[in-house]
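Colleague: Give me a 3D structure for the following:
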Amino acid sequence: MDLLYTLSTFFSSFFSSSFTNYKLRGRLVAHSAAINRLVISPDGCLMASGSSDEAVKIWNLNTMSLVQVLSDKHQRWGQITALKWVEGHNGNSFIFVGSARGRIVIYKWIGSDSVPQPVVNEAIFQENTPVEDLDFDCITSSLAVSAMLGELRVYKFDTKALSKTPWVYHFKTDNGLSPTPRTIHFKESSEIVVYLLESGKIICFDAALGIKKWSKNLDTPIGHVALSKNGRLSLVDNLCTGFDLYDVAELRLKQCFELPGKPNHVKDATFVEGDSAVACPDEGGYVYIFRNNASKPIEVLRHARGGVRRVAAHSSGHHHVLLSTASSSHKHEIYVWEKQVDNRQPMQHHRRRTSSQRYINLLTLCLAVWGTQEKWLHPPNPANGFACYKQAIGKLTPG
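Modeller: Below you'll find the predicted structure:
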C-alpha cells in the first residue's frame, strides 16, 4: 500500500499542469556551514539566510543572486540562531538577528536598493547563552527575545536603540530545570505566547506588564511552531509523527499531517499559499505540501541531500515561492521553488483536474493488477477446489 500511495502521489504531480505544481527554479550555494534560518522580505523580492558560519546573506529572488553579506568583523556573533525581517514605515524595513553568543543585531534597510545599516549590536544574554527565538510587534514597537537557557526579555525599540529596562521572565520546571522557550510570538499586540521545547507547554504573558495570564499543555511534545499570517492557525512540530494544525484561539486540534520515518528532530514548517496549505520538511530529504483540511499530501518536493529542516514561503498575486534547505547537505544549498497562481475559471480548472484524475485512477488500477499478477496468472487448481468442496460437504452431511 505504501508503494501504491507513493506512486499515486507521483502521478498526481506528473499529470497536474504547470499551474498547479511547484517547479524548482534554481539552487543557491549559500554558506560554508549549516543554514539555521531562512526569511523572506515583506515584498517577497529578497531573502535572508543565517548560518553556522556566523554570517547572514541577502539574496535577490528575482535575479537569484547574492546582494549583501552581513557579518561581524570582530567575530562576536557566533552561529546565527534567530532571524526576522519586519516591514517598517516609509519603505523601510528591519532585519533582526539573534546569535549563539547572546547578541541581538538589528539592521535598518532603507529601500531594497540600499545597503543595510546596523543600528543595534548588543549582548543581551551571557556569551554562552544562545538566542533561541525573537519576534517584533510593529504597533507597540516591542521586541521579544528568548534564550535557550529559559529566559524571556521584552524591549522597546525606537528604530535606533533598545530600551535599557526590559521586563524579564525566567522559566523553571518543578524540579528546578530551565526549559527552552523554543518559539515566541505576539498575539494581537497585547499578549506574548511562548511554546516550550519538548514539554508541550504553552504560556501566555501580558505583553506590556510581563504577567503570566494562562498556561496550557498540548498532548504532544513541541518542536518548532509556525503561525499563519492572520494569526488564527498554528502549525506544531510534534516530534513524534509529523505536524499538527491548531486553532490558536481555542488550541483545538484541526488536522494531523503524518510524515514517514521517525520525525524526531526539530524542523521548521511554514504556511503557504495564503495560509490555505502547509509545507512540512522531512528528514528523508522531502518537503510535503498539505491542504489544511486534508491529511494526504497534494505534492511532494525532492531535496537533493540530507534531511530538510528549514523552509520559508511567500505568496503574491501571480506566484507562490517556497524555500528549502537541508541541514546535512555538504553544499549547504537553498532550493528555490516556484508555483504559478492558476487564474483559470473554476469550471475549466475542475474539468482539467477531473480528466487528470481519471488517468491517475487508471494507472493506479494497472499498478494494483501488476502488483498481484502472481495471483492472476496462477489461479488455484480447479481439482483442488473441487476436493475442498467435497470435503466440506462431507462434514455437513450426517452419518
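Colleague: thought residue 119 was touching residue 160?
Modeller: Yes - in this structure, residue 119 is within contact of residue 160 by Cβ atoms under 8 Å, at 5.7 Å. In short, each C-beta sits where N, CA and C put it, glycine included.
Colleague: Which of those two has more residues huddled nearby?
Modeller: The neighbour count for residue 119 versus residue 160, taken as other Cβ atoms under 10 Å, is higher for residue 119 (16 against 9).
Colleague: any low-confidence regions in the stretch 51-200 of the chain?
Modeller: The model of the stretch 51-200 of the chain has pLDDT under 70 over residues 112-113.
Colleague: So if we follow the domain assignment, how does the protein break up?
Modeller: Per automatic domain parsing, the structural domains of the chain span 2-353, 362-396.
Colleague: bridging residues for the closest residue in space to residue 263 that isn't next to it in sequence?
Modeller: Of all residues not flanking residue 263 in the chain, residue 242 sits nearest, at 5.5 Å (Cβ to Cβ, 6 or more residues apart in numbering). Here residue 242 sits in beta bridges with residue 258, as judged by DSSP bridges.
Colleague: residues contacting residue 242?
Modeller: Contacts for residue 242 (Cβ atoms under 8 Å, 6 or more residues apart in numbering) come out as 256, 257, 258, 259, 263, 280.
Colleague: swap in residue 109?
Modeller: 92, 93, 94, 95, 116, 117.
Colleague: Help me confirm that it is found in a strand?
Modeller: Yes - using DSSP: H, G, I helix; E, B strand; the rest coil, the assignment for residue 109 is a strand.
Colleague: measure it to residue 70 for me?
Modeller: For residue 109, the distance to residue 70 equals 11 Å [Cβ to Cβ, to the nearest Å].
Colleague: returning to that earlier point: among the domains of the chain, which is the most enclosed?
Modeller: Mean neighbour count, computed with mean count of other Cβ atoms under 10 Å, is highest for domain 2-353 among the domains of the chain, reaching a mean of 18.
Colleague: list the residues that contact both of residue 109 and residue 70?
Modeller: Counting by Cβ under 8 Å, 6+ apart, the residues touching both residue 109 and residue 70 are 95, 116.
Colleague: Tell me the one of the contacts of residue 242 nearest residue 311?
Modeller: residue 280 (8.1 Å; Cβ to Cβ).
Colleague: any idea how far the closest one is from residue 82?
Modeller: For residue 280, the distance to residue 82 - Cβ to Cβ - is 21 Å.
Colleague: who's residue 155 bridged to?
Modeller: Per DSSP bridges, the residues bridged to residue 155 are residue 143.
Colleague: min pLDDT across the contacts of residue 242, which one?
Modeller: Ranked by pLDDT, these bottom out at residue 263, which scores 71.
Colleague: so that one makes contact with residue 283?
Modeller: Yes - here residue 263 lies in contact with residue 283, judged by Cβ under 8 Å, at a distance of 6.0 Å.
Colleague: For the contacts of residue 242, give me JSON lines that also has distance to residue 214.
Modeller: Output for the contacts of residue 242, formatted as JSON lines (distance: Cβ to Cβ, whole Å):
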{"residue": "256", "distance to residue 214": "25"}
{"residue": "257", "distance to residue 214": "27"}
{"residue": "258", "distance to residue 214": "30"}
{"residue": "259", "distance to residue 214": "31"}
{"residue": "263", "distance to residue 214": "29"}
{"residue": "280", "distance to residue 214": "28"}
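Colleague: Show me the two of the residues you listed that sit farthest apart.
Modeller: So for those, where distance means Cβ to Cβ, the most widely separated pair is 256 and 263, at 12.2 Å.
Colleague: which residues are common contacts for these two?
Modeller: 241, 242.
Colleague: will you turn the contacts of residue 109 into TSV that also has secondary structure and distance to residue 207?
Modeller: Converted to TSV, the contacts of residue 109 look like this (DSSP: H, G, I helix; E, B strand; the rest coil; distance: Cβ to Cβ, whole Å):
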residue	secondary structure	distance to residue 207
92	strand	23
93	strand	22
94	strand	19
95	strand	22
116	coil	27
117	strand	28
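Colleague: what comes into contact with the helix or strand where residue 182 lies?
Modeller: For residue 182, the host element (DSSP states H and E) is strand 181-187. Here strand 181-187 makes contact (Cβ under 8 Å, 6+ apart) with 132-137, 142, 144, 146-147, 150-152, 171, 192-197, 204, 207, 222-225, 227, 231, 248, 266.
Colleague: okay if I get the contacts of residue 109 as TSV plus distance to residue 324?
Modeller: What follows is these, written out as TSV (distance: Cβ to Cβ, whole Å):
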residue	distance to residue 324
92	29
93	23
94	25
95	21
116	25
117	30
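Colleague: closest to residue 213 among those?
Modeller: Nearest to residue 213 among those, with distances taken as Cβ to Cβ, is residue 94, at 27.9 Å.
Colleague: Can you tell me the strand partners of the strand holding residue 182 and which way each runs?
Modeller: Pairing partners of strand 181-187, with direction, according to DSSP bridges: strand 191-196 (antiparallel).
Colleague: Just the residues contacting the next helix or strand along the chain from the strand it pairs with, thanks.
Modeller: Once the chain leaves strand 191-196, the next helix or strand it forms, by DSSP H and E, is strand 201-206. Strand 201-206 has contacts (Cβ under 8 Å, 6+ apart) with 152, 169, 171, 179, 187, 190-196, 211-218, 222, 251.
Colleague: Apply 6 Å and report the result again.
Modeller: 191, 192, 193, 194, 195, 212, 213, 214, 215, 216, 217 (Cβ atoms under 6 Å, 6 or more residues apart in numbering).
Colleague: same check, this time on stretch 272-285
Modeller: 228-229, 235, 243, 257, 259, 261, 267, 269-271, 287-291, 303, 307-309, 311, 313, 315, 320, 322.
Colleague: Same check on stretch 51-68?
Modeller: For stretch 51-68, contacts defined as Cβ under 6 Å, 6+ apart pick out 26, 31-35, 45-50, 69-71, 77, 79-80, 97.
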